[in-house]
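1. From the sequence below, what's the structure:
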Amino acid sequence: MRGMLFAGAVALACTGSVAEAGKKVERSALEIQQMQSRDIEGDKALVFGAVMTVLQDAGYRIQAADKDTGLITGVSSTKSKLTYSLWSGFGKSKKSPVVSAFIEERAPGITNVRLSFVMAKMRSTIYGSGAQDEEPIYDPAVYSDAFEKINQSVFVRKNMAASPAAPVTPTPAAVTTPQ
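-> I've put the predicted structure just below:
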């Protein structure tokens, strides 16, 4: 259910611009950074794996990931629509959510994650693909939901690493004797 909320929030945020009483909300660079970044308790390797898991669970196809630099990029699959133009004929158009993540260890046991979601619009015709337009997603709910899932994944990973796996010992089958 929560995974659908995350994907739905991204889709909802992408359908229109952030508006308040009919006006477009302008945010400062600092406000955007605060919305897109969180400090998470855990080392870089643990948090990197958690971010990868959350993005894949949300339906993103990871295009590139590098643990050393802390960069992850991914694209979510969407369906394209058939279009027609008098100038170029038939073609296709689609919008795809795109994410980039930057993960850096700020102090021992504290890792910062910055996410950036955009909606990319791609057009193609028989003459090839056109330029890609991107619209940033600035819906705080999308980022809050993503960071909540990352924190949950980190919690699960920490607990899995802390508890040793119980050895599996075969139990002898019960032997019944006829009487």
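2. The top helix by length along the chain - contacts with which helices or strands?
-> The longest helix of the chain (DSSP state H) is helix 140-162. For helix 140-162, the contact count by 3 or more CB pairs under 8 Å, 6 or more residues apart in numbering; DSSP states H and E identifies helix 2-14, helix 29-36, strand 37-41, helix 44-57, strand 110-125 as packing neighbours. For every residue, glycine as well, the C-beta is placed using N, CA and C.
3. pLDDT wise, what is residue 46 at?
-> At residue 46, the model reports a pLDDT of 97.
4. heads up, I number from 246, so please use that
-> Renumbered: residue one is now 246, and that last one reads residue 291.
5. I figured it hits residue 402, correct?
-> Yes: with contact defined as CB atoms under 8 Å, residue 291 reaches residue 402; the gap is 5.6 Å.
6. circling back to that earlier point, in TSV, list the helices and strands packed on helix 385-407 along with distance to residue 345 and mean neighbour count.
-> As requested, the helices and strands packed on helix 385-407 are arranged in TSV below (distance: least, CB to CB, whole Å; neighbours: other CB atoms under 10 Å):
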stretch	distance to residue 345	mean neighbour count
helix 247-259	14	17
helix 274-281	10	13
strand 282-286	13	16
helix 289-302	10	20
strand 355-370	5	18
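7. Minimum distance to residue 377: which of these has it?
-> Nearest to residue 377 among the helices and strands packed on helix 385-407 is strand 355-370 (5.0 Å), distances taken as CB to CB.
8. which secondary structure elements does the closest one contact?
-> Helices and strands touching strand 355-370, by 3+ CB pairs under 8 Å, 6+ apart, are helix 247-259, helix 274-281, strand 282-286, helix 289-302, strand 334-352, strand 378-381, helix 385-407.
9. With distance to residue 316 as extra columns, can I get those in CSV?
-> Formatted as CSV, these follow (distance: least, CB to CB, whole Å):
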stretch, distance to residue 316
helix 247-259, 20
helix 274-281, 14
strand 282-286, 15
helix 289-302, 10
strand 334-352, 6
strand 378-381, 17
helix 385-407, 16
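10. residue contacts, the closest residue to residue 351 other than its chain neighbours?
-> Take residue 351 and drop its neighbours on the chain: the residue closest to it by CB to CB, 6 or more residues apart in numbering is residue 357, 5.1 Å away. Residue 357 sits next to 282, 283, 284, 285, 348, 349, 350, 351 when contact means CB atoms under 8 Å, 6 or more residues apart in numbering.
11. try 10 Å
-> Contacts for residue 357 were tallied using CB atoms under 10 Å, 6 or more residues apart in numbering; they are 282, 283, 284, 285, 289, 292, 315, 347, 348, 349, 350, 351.
12. Read off the pLDDT value for the second one.
-> Meaning residue 283. 97.
13. Just give me the neighbour total for the closest residue to it other than its chain neighbours.
-> Leaving aside its sequence neighbours, residue 283 sits nearest to residue 392 (CB to CB, 6+ apart; 4.7 Å). For residue 392, the neighbour count with other CB atoms under 10 Å is 19.
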